[in-house]
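Asks: Got a predicted structure plus its sequence, pasted below:
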Amino acid sequence: MPQLQAAAIPSPMRAAGSLELLPLDRLDEAVLGAAERMRQLQAALGEQARRAEALEQQALDLERQLAVAEARLAVEMMHSAGLTAQASHMLALGIESDVLSPSELAQYGNDTSPKSRLTEVYEAAFDAKGAELGIDEPARFREA
């Protein structure tokens with residue numbers, strides 16, 4: 001029965017010495033193989049770099065889209081607050097009196113243009129919600 005031998009791990013000095021013993025054609029093959037493997041690795045590295053760049057660009061695009069969506073959501077939240085305030089005001093007025101005429105609701109704003117009380121209620125609630133959300137000058141979004 002043959003005896004089993006453990007695999008010997010060559011030392012670096014022994015491996016270098018064994019290269020000297022290889023025929024030149026095998027050395028050429030080894031060098032060409034290593035060079036080909038280097039080209040493959042460089043191509044793979046280049047592809048990974050292109051993918052990483054594309055993913056970074058996609059992340060930037062998604063961040064921009066998120067910022068736009070958050071801004072739109074903030075405007076809608078302010079609009080909702082304004083409409084809710086108007087509805088609450090109208091309900092309160094309806095409870096206090098049977099029917100109000102439009103002239104009773106109309107009054108003049110700061111710029112001497114007629115503003116209804118409902119418009120003022122809407123604007124105040126819109127601006128308050130904008131301030132709550134941390135938006136500077138929410139009035140600029142009212143007509144957007």
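Replies: Alright, I've got the coordinates. Quick caveat: nothing in here was measured; it's all calculated off a predicted structure. Residues are numbered from 1 along each chain as shown.
Asks: contacts, neighbours, all on C-alpha from now
Replies: OK.
Asks: Run a quick neighbour tally on residue 59.
Replies: By the criterion of other C-alpha atoms under 10 Å, residue 59 has 12 neighbours.
Asks: Please, which helix or strand holds it?
Replies: Using DSSP states H and E, residue 59 sits within helix 24-96.
Asks: Find the least confident helix or strand in this protein, judged by mean pLDDT.
Replies: Least confident helix or strand of the chain, by mean pLDDT, DSSP states H and E, is strand 106-108 with a mean of 52.
Asks: Distance of the residue most central in space within the chain relative to residue 29?
Replies: Centroid-nearest residue in the chain: residue 63, 2.4 Å away (criterion: C-alpha atoms, centre = their mean). Residue 63 is 50 Å from residue 29, where distance means C-alpha to C-alpha, to the nearest Å.
Asks: in the chain, which ranges drop under the pLDDT threshold?
Replies: 1-22, 95-114, 144 (pLDDT under 70).
Asks: repeat that with 50
Replies: Nowhere does the chain drop to pLDDT under 50.
Asks: how many neighbours does residue 142 have?
Replies: By other C-alpha under 10 Å, neighbour count at residue 142 equals 16.
Asks: Could you list which residues are in contact with it?
Replies: 75, 79, 123, 126 (C-alpha atoms under 8 Å, 6 or more residues apart in numbering).
Asks: isn't the first one right up against residue 143?
Replies: I take that to be residue 75. No - judged on C-alpha atoms under 8 Å, residue 75 makes no contact with residue 143 at a distance of 10.2 Å.
Asks: Name the residue in those two with the higher neighbour count.
Replies: For residue 75 versus residue 143, neighbours defined as other C-alpha under 10 Å are more numerous around residue 75 (21 against 5).
Asks: gap between the more buried one and residue 38?
Replies: From residue 75 over to residue 38 the distance is 55 Å, taken as C-alpha to C-alpha.
Asks: Now residue 122. Nearest residue, chain neighbours left out?
Replies: Using C-alpha to C-alpha, 6 or more residues apart in numbering and skipping residues adjacent in sequence, the residue nearest residue 122 is residue 82, 4.1 Å away.
Asks: Many thanks, we can stop here.
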